[in-house]
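Asks: here is a sequence with its predicted model. Questions after.
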Amino acid sequence: MLNKATTYYSLTFKSIFIFSICLLFVIPVFSQHKDPITFSVKPFRNNGFYTTDDTKIGCVIRLFNDSSQVLEGTVLCRVTNENNIPVFTDTSYITIKDGGSFYKTIRLNKTLLKPGIYEVQAFLNTPVRKDSLYYAIGYNAEQYRSSNQPPNDLSLYWQDAKKELASIPPNYSINKRTDLADKYSDVYQITFQSAGNINIKSWLTIPKEKGIFPLLMQVPNFLQPAIPDKRREVAVFSIDPRGSGNSADPIRADSAGFLLWNINQKQSYIFRSLYLDCVRGLEFIYSQGATLKIDTTKVTVAGEGIGATLAAAAVALNGKPKGLYLQNPLMIDMPSLLALSEQRKAFSWPVNLFQNYIHHPNSTDNASSFFYTWRYFDPLYLASQIHCNVLIQLGGKSSSYYLPCIYHFYTRLNTSQKEIYVCPDCNNALKSTFYTFRDMWLNEVF
């Protein structure tokens, strides 16, 4: 479930942006658990996207020492292009006393840059602390297109999949759960049939006040069950795709094998069914919403991790939602991600799951079968079908994805109403200011 703010604000998107950026720089002052050594990156532009109109392209690497120890060692800064070729390299030798700081400005020469996504890497190496930072910046990124391309029959494949889903009666069941309601919200358990005649269960909460309400559809992260999310001004539809939560039977998800289920068969690979579960969830909202006080012109889909992957696919395949929010989406541009993992070998789940599958000693064709199948499911190839408002928020230190891969997806989105922000010193959990910004963005979209 997404973190939620208790108050919605009536602000223009421009004022939201300014307010959020101000908060972004204020928050370290109020941190209750300050790290005595902070290693961070600050781009010249907040979202890291630059064009030929910008006079400065790059960022500043910052290091602060409040540890009562002297930091002696090196800071290596490097910027690489799409081919992992450095376009900037610098090694600084540091001696920083308690209370001291170090700044390194990375300024790129735009006359030497081609349109694309560039990765900023910074490595701190001292006896006291070893740390690393990864960030991505784009230069004329809208002109860049990844060389990875979808299969020629991608549209036909999903047309057939949706026809298959349409042939299965949804058998919607709406069960009011008075035992879970409170004085502000009604709670319903929703059940419907999806691909393979599997029953999918979800929660729907609706404010008790009179009127019709915008709806937020939430797709939880992998192995996180959906729960009723009660909000006073927004209806919330929280879906459990097959394999998890209330939809765990007959297929129960696990971190080891679920994502590999029938991976060598594009017609039965588990992601086909997962995507269709979410598509049917949206079909429920649009077909039944008017009788449930839902304003179906104001539907936003949100997800985190694997849930963000499913959310993006559902919006692309359904085409009706007004907004899409993604936090740390996984498994995007997998050919680039796995190619990089061969060099870096530092990615965590789920990347290492697919690495192990591809390099399994008892198989000679796992790599070819995986890449053939995944072409039909990679959100990178579905991005052009997304036309709504989009907000993407990322943790720069996460080892579950590669920032340039997400930027590839972002540049292919078929909308001008899109924003992407990176918290450079965050892992998968973001700072509270990012969640505040997200909730204000949701209010603006609604």
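Replies: Yep, it's here.
Asks: give me every residue that touches the residue most central in space within the chain.
Replies: Nearest to the geometric centre of the chain sits Pro329, at 2.6 Å (C-alpha atoms, centre = their mean). Shown in contact with Pro329 (C-beta atoms under 8 Å, 6 or more residues apart in numbering): Gly303, Gly305, Ala308, Thr309, Ala312, Pro379, Ile392, Tyr401, Ile406, Phe409. No exception for glycine: its C-beta is placed from N, CA and C like everyone else's.
Asks: that one sits in which helix or strand?
Replies: Pro329 belongs to no helix or strand when assigned by DSSP states H and E.
Asks: so how far is Gly281 from it?
Replies: 18 Å (C-beta to C-beta, to the nearest Å).
Asks: CA-only coordinates of stretch 245-253 in PDB, if you can.
Replies: Taking C-alpha atoms only, stretch 245-253 is exported to PDB below (Å, rounded to 0.1, in the frame of the first residue of the first chain):
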ATOM      1  CA  GLY A 245      -2.900 -11.800  -0.700                       C
ATOM      2  CA  ASN A 246      -6.500 -12.900  -1.000                       C
ATOM      3  CA  SER A 247      -5.800 -14.100  -4.600                       C
ATOM      4  CA  ALA A 248      -3.000 -16.500  -3.500                       C
ATOM      5  CA  ASP A 249      -4.800 -19.700  -4.400                       C
ATOM      6  CA  PRO A 250      -4.400 -21.700  -6.500                       C
ATOM      7  CA  ILE A 251      -1.000 -20.200  -7.400                       C
ATOM      8  CA  ARG A 252       0.900 -19.000  -4.400                       C
ATOM      9  CA  ALA A 253       3.700 -16.500  -5.200                       C
END
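Asks: quick one: that stretch to chain centroid distance?
Replies: Mean-position distance between stretch 245-253 and its chain equals 23 Å (C-alpha atoms, centre = their mean, to the nearest Å).
Asks: then stretch 137-148?
Replies: 19 Å.
Asks: do stretch 85-94 as well
Replies: Per C-alpha atoms, centre = their mean, the centroid offset for stretch 85-94 relative to its chain is 30 Å.
Asks: tell me the contacts of Ile190?
Replies: Here Ile190 is in contact with Tyr172, Ser173, Ile174, Asn175, Lys201, Ser202, Trp203, Leu204, Phe237, Phe284 (C-beta under 8 Å, 6+ apart).
Asks: re the thing from before, if I look at the residue nearest to the centre of the chain, how far off is Leu394?
Replies: Taking C-beta to C-beta, one finds Pro329 at 8 Å from Leu394.
Asks: host element of Ala312?
Replies: Going by DSSP H and E, Ala312 is in helix 306-318.
Asks: after that helix comes which helix or strand?
Replies: strand 323-327.
Asks: list the buried residues in the helix holding Ala312.
Replies: Neighbour counts using 16 or more other C-beta atoms under 10 Å place 306-318 of helix 306-318 among the buried residues.
Asks: now swap in stretch 336-351 and tell me
Replies: Buried residues in stretch 336-351 (16+ other C-beta under 10 Å): Ser336, Leu337, Leu338, Leu340, Ser341, Phe347, Pro350, Val351.
Asks: before we move on, what about stretch 280-300?
Replies: 280-285, 288-289, 292-296, 298-300.
Asks: next step: the residues you listed restricted to strands.
Replies: Ile294, Asp295, Thr296, Lys298, Val299, Thr300 (DSSP state E).
Asks: quick one: pLDDT of Pro220?
Replies: Per-residue pLDDT puts Pro220 at 94.
Asks: just checking, it touches Ala226?
Replies: Yes - counting by C-beta atoms under 8 Å, Pro220 does reach Ala226; the two are 5.2 Å apart.
Asks: okay, now the unreliable bits of the stretch 301-446 of the chain?
Replies: 344-346 (pLDDT under 70).
Asks: the stretch 201-350 of the chain: helices as residue ranges?
Replies: 270-288, 306-318, 334-344 (DSSP state H, counting those that start in this stretch).
Asks: packing partners of the second one?
Replies: Same thing as helix 306-318. strand 213-219, helix 270-288, strand 294-304, strand 323-327, helix 379-382 (3 or more C-beta pairs under 8 Å, 6 or more residues apart in numbering; DSSP states H and E).
Asks: mind putting these in a markdown table, distance to Lys183 included?
Replies: Formatted as a markdown table, the helices and strands packed on helix 306-318 follow (distance: least, C-beta to C-beta, whole Å):
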| stretch | distance to Lys183 |
| --- | --- |
| strand 213-219 | 16 |
| helix 270-288 | 25 |
| strand 294-304 | 20 |
| strand 323-327 | 28 |
| helix 379-382 | 40 |
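Asks: what about the ones you listed, which gets the closest to Phe123?
Replies: strand 323-327 (26.4 Å; C-beta to C-beta).
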